[in-house]
Structures are given as C-alpha cells and as structure tokens.
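**Q** model this:
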Amino acid sequence: MAEVLKPLTQKSVAVIGGGIAGLSAAAKLAEQGISVTLFEAAPQLGGRARRVNFNNLSLDNGQHILLGAYHQTLGLLSLVGISETSVLLRQPLSLHMHGAMRLKTCSYLPAPLHLLAGICFAMGLSFGEKLRLIGFFTWLKVQGFKVSQDLPLLDFLHRHCPSGKLTQMLWEPLCLAALNTPIQQASTQVFLNVLRDSFNNKKNDSDLLLPKTDLSSMLAEPIATYIRSKGGVVMCNQAINKIEQSKHGFRLKDKSEQTFNFSHVIVATSPAQAQNLGLALNVPAFSYQPIYTVYLQYPAETKLPRIMTGFCNSLSQWVFDRGALCNQAGLMSVVISAEGQHQDLTQTQLAEAVIQELASDFPELPPPLWHKVIAEKRATFSCTAELKRPSTETVIPNLYLAGDYVTSGCALSEYPATIESAVRSGIACATQIAHQAHAKS
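**A** Sure, this is the predicted structure:
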C-alpha cells in the first residue's frame, strides 16, 4: 500500500541509495526530526564502503585510509554515538616508502612546522631535495594552495617542483592514495585542496586514521541504527526504479509498481543509476578508476615491521598489517589504486605477482595460506583536471543529488571521491531541506 503523503509543512523525504552519502543525508535529516525513508537496492548498506565475509573473516571491499582533516566524517561518527578511538587508529602522518624514503611529521610542533620539520629529518632525500620540497610548500602557502588554471598534476609539478625522485617517492603515491587517479590526469586543484586541509590548519589534520574494524561495523550499521532510533525507516532489498513528479511532491515506484509518496527526494545513487530514474537530472557521464585489494593470509604469527608500508616502482602500492590493525592475525591487505597493467592479469596472476613482490621486499615472509582479490572496477570517478561536477540542487525543485561526485560549489573546497566527500554531500542536501523546514515553521 502506498504511503499517504503528509502535509508539506511536515516534510517527508526519500533517500534513494544506502551508500555513505545516502546514510549521511538520512542521519542528518533524522537528527533534525524530519521524516525520512532510505531505500537501498542491495541487501547490504554501505555502497563502496562495506564488509565482505570470506573464510570466517570480515574483510572490506577496499582498504580505506581516512585523514584527521575529515571533520564531517568524524562529526557523523560522533552524532551516531561511535567514539573515534573505538573504530579508528590515529597516527601522526608517517610515509614509509620501502627501501626509498621515510617522512614523518613532528608531533610536538604546530602546523605547518610539523611538516617542515618532518621534511628536514626525512630519510632518503638529499639536502637539495629537502630544500626544494620546503620551498614548494612555502610557495603553495603564499599562493593559498590555489592555481589559476587546473592542470594535470604531473604538468603542474614539472613547472613548480621538478624532481623525478620526489614525484616517484612522494607525489605519485600521495596522488594515488588521495585521488585514485593517475598523476598524469589528476586535478591539481583538488590535490592541493587535500594538501591544504591536511597540512595548513591544525596539526592533527594530517594524522592518518586507519579503520580497526570492517567498514560496515564502523559506518553503515551504526548510522542505520541511529536513523531508526530517531524514527527514520531504512529499507534494504528495495530498489526504486522510477521517480515521477506529483501534485504534492514525488511518486517513487519499484519494479512491482508499488508506489511511495514524498515531498522531497535525495538521489544518492551512482551517476549512471541517477540518470535511469525517469527524470532529466542532467548528470554528466564520468570515467572511472578501479581499486584492487589483495588479501593474503599468512600463518598467525606473521607480522610486518609496520602497520602501513608504501612501495615505489612496484605493482603493490601499499600493504597493511591487519593483524596489528584489526586483530586479524597474519592477514595482510595490499592496495593497488587506479588503472594500470595489473588490470590485464587474472586475479590469480595478480595475487601471485603481489606475493612475489612481498617475498622480495620482506624475505622473512613464509608462503601465504590463501589469497582473496577484491576488484572494485568502478571504485571512484576519475578526478581529472577541470572536471565538471553537478550540484546537489537539480533543476527540479526539492530533488537533490548526493554522492562523492557532486560539486561543493567552490573549486577551493572540491574533494576527490572519498568517504569525506560522500558525507559532505549528504549533509549538504539534508541541511538545505532542514533550512526549508525551519523557514516555513
């Protein structure tokens, strides 16, 4: 039976999509006391940040790294009653590129001095490279981390910080980790936005926040519990196939033609899915980048020297010791971001190549007991230079878009496809609807 639409003075909001953007929007609406129903087509919430069960272990569909600068994500966790320390390991930024470089911020200094001191004491960089790096960061600060024209990041670095070694050991690994886009294509301005927020404000903004539990337990499940506790409805296995405008708002239909009526709608699906809901939302077509995560189970007593290690000139980009991080003894996760030759390999070939690389870098490692490759082939949109992104507001009144791909409205605050970007978009949609409600009350 269709839901009876409440008077418009009592807003009734549908959120289509149970990823992080949709969950964030629904949580913020529920906090404001606005009636909200979330529809998720899949049996599991979380979208691209969710748990995968394998061999009696809780894995993730991708190993995520958060930053101390992700203030809205941390605020959302606090809102739903999750303490940071219970789900995240906070560490001062330490980039250990195996056999090449180590740079660690100085925790006893304020920003940005903590970074400059870290550069001075970095291992693997010459005196000249350190001076060039310090000069470059100083110049960026004077420029306000702003460029007059958004260029591919590699072109920008060739002009302003020319160093093949710094590009190889620092800029390219950071670009892949932050934007999941090859450095030859990546947006300079979005990259600088992340640098500015991480290193130019508070010292703790540059901290690494590493999940100590699976992403469903950390995000999707507690957020859904909070929404329900505030009277909201969360429905899984409930796909919405069509949106129609009605006299008092919107009519949503599923594949069985069951209808649901609402005054407002937030579409928090992928761009392609948003275009297939029957309304002309004018969402542009994006290109996408993959993320491959290779899980390797070694004997339980196996440990790596560090929780997180990076690699240069290697198929593997980062390896995480989930035994030390998540109490999953002997389990390692290897992340390979963005497009590359690894996509031409079968999953078995990819796992074998990664195993050989780790064995070469860490000769003490025994053979693994098993492996599992999780490939998110459309993990993020390609965060390229001068990319046009849609706004949260659409041409249709009271219909909004949420997702890590939407624009913030300002080039200096655009973020790549991250959990933080998804959270920001969902909260932005909910805030606009809440302002309407308060203005009419």
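**Q** tell me the pLDDT of Asn313.
**A** Here, the pLDDT recorded for Asn313 equals 89.
**Q** near it, how many other residues are there?
**A** Close neighbours of Asn313, defined as other C-beta atoms under 10 Å, add up to 9. Bear in mind the C-beta positions are built from the backbone N, C-alpha and C, glycine included.
**Q** which residues does the residue nearest to it when sequence neighbours are not counted contact?
**A** Spatial nearest neighbour of Asn313, chain neighbours left out: Gln168 (7.0 Å); criterion: C-beta to C-beta, 6 or more residues apart in numbering. Applying C-beta atoms under 8 Å, 6 or more residues apart in numbering to Gln168 gives the contacts Ala100, Cys312, Asn313.
**Q** is it fair to say Gln168 lies in a helix?
**A** Yes: applying DSSP: H, G, I helix; E, B strand; the rest coil, one finds Gln168 inside a helix.
**Q** and the pLDDT at it?
**A** Looking at Gln168, its pLDDT is 96.
**Q** would you mark the buried spots in the helix or strand that contains Val423?
**A** Secondary-structure element containing Val423, defined by DSSP states H and E: helix 419-440. Neighbour-count burial for helix 419-440 flags 419-430, 433-434, 436-437 (criterion: 16 or more other C-beta atoms under 10 Å).
**Q** how far away is Cys120 from His160?
**A** 20 Å (C-beta to C-beta, to the nearest Å).
**Q** sorry, wrong one. I was asking about Met308.
**A** In terms of C-beta to C-beta, Met308 sits 28 Å off from His160.
**Q** Phe136 too?
**A** Separation of Phe136 from His160 (C-beta to C-beta): 6 Å.
**Q** touching whichever helix or strand Val319 is part of from outside, list them.
**A** According to DSSP H and E, Val319 maps onto strand 318-321. Contact partners of strand 318-321, identified using C-beta under 8 Å, 6+ apart, comprise 63, 173, 177, 210, 303-304, 306-311, 332-335, 358.
**Q** can you mark which positions in the longest strand belonging to the chain are buried?
**A** Counting residues, the longest strand found in the chain (DSSP state E) is strand 370-381. Buried residues in strand 370-381, counted by 16+ other C-beta under 10 Å: His371, Lys372, Val373, Ile374, Ala375, Glu376, Ala379, Thr380, Phe381.
**Q** now tabulate the residues you listed in CSV and tack on distance to Tyr108.
**A** Below are these laid out as CSV (distance: C-beta to C-beta, whole Å):
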residue, distance to Tyr108
His371, 41
Lys372, 41
Val373, 41
Ile374, 39
Ala375, 42
Glu376, 39
Ala379, 37
Thr380, 35
Phe381, 39
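**Q** state the mean pLDDT of stretch 84-93.
**A** For stretch 84-93, mean pLDDT rounds to 97.
**Q** contacts only, for Ile433.
**A** Lys11, Val13, Leu29, Ile34, His264, Ile266, Asn398, Tyr400.
**Q** same thing but 6 Å
**A** For Ile433, the contacting residues are His264, by C-beta atoms under 6 Å, 6 or more residues apart in numbering.
**Q** Pro110 now?
**A** Neighbours of Pro110 in contact, by C-beta under 6 Å, 6+ apart: Lys203.
**Q** from Lys203, how far out is it?
**A** Counting by C-beta to C-beta, the gap from Pro110 to Lys203 is 5 Å.
**Q** just Met332 next, same as before
**A** 30 Å.
**Q** how far off strand 370-381 does the helix holding Val423 point, in degrees?
**A** Orientation check (axes from the mean of the first three to the mean of the last three C-alpha atoms, to 10 degrees): helix 419-440 against strand 370-381 gives 50 degrees.
**Q** output helix 419-440 as PDB, restricted to C-alpha atoms.
**A** The C-alpha coordinates for helix 419-440 follow below in PDB (Å, rounded to 0.1, in the frame of the first residue of the first chain):
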ATOM      1  CA  ILE A 419      34.200   8.900   2.400                       C
ATOM      2  CA  GLU A 420      34.600  12.600   3.500                       C
ATOM      3  CA  SER A 421      33.300  13.800   0.100                       C
ATOM      4  CA  ALA A 422      30.300  11.500   0.300                       C
ATOM      5  CA  VAL A 423      29.500  12.600   3.900                       C
ATOM      6  CA  ARG A 424      29.700  16.200   3.000                       C
ATOM      7  CA  SER A 425      27.300  15.900   0.000                       C
ATOM      8  CA  GLY A 426      24.700  14.000   2.100                       C
ATOM      9  CA  ILE A 427      24.900  16.500   4.900                       C
ATOM     10  CA  ALA A 428      24.700  19.400   2.400                       C
ATOM     11  CA  CYS A 429      21.400  18.000   0.900                       C
ATOM     12  CA  ALA A 430      19.900  17.400   4.400                       C
ATOM     13  CA  THR A 431      20.900  20.900   5.600                       C
ATOM     14  CA  GLN A 432      19.200  22.500   2.600                       C
ATOM     15  CA  ILE A 433      15.900  20.600   3.300                       C
ATOM     16  CA  ALA A 434      16.100  21.400   7.000                       C
ATOM     17  CA  HIS A 435      16.500  25.100   6.300                       C
ATOM     18  CA  GLN A 436      13.400  25.000   4.200                       C
ATOM     19  CA  ALA A 437      11.500  23.300   7.000                       C
ATOM     20  CA  HIS A 438      12.700  25.800   9.600                       C
ATOM     21  CA  ALA A 439      11.900  28.700   7.300                       C
ATOM     22  CA  LYS A 440       8.300  27.600   6.900                       C
END
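**Q** now stretch 277-286: mean pLDDT?
**A** 89.
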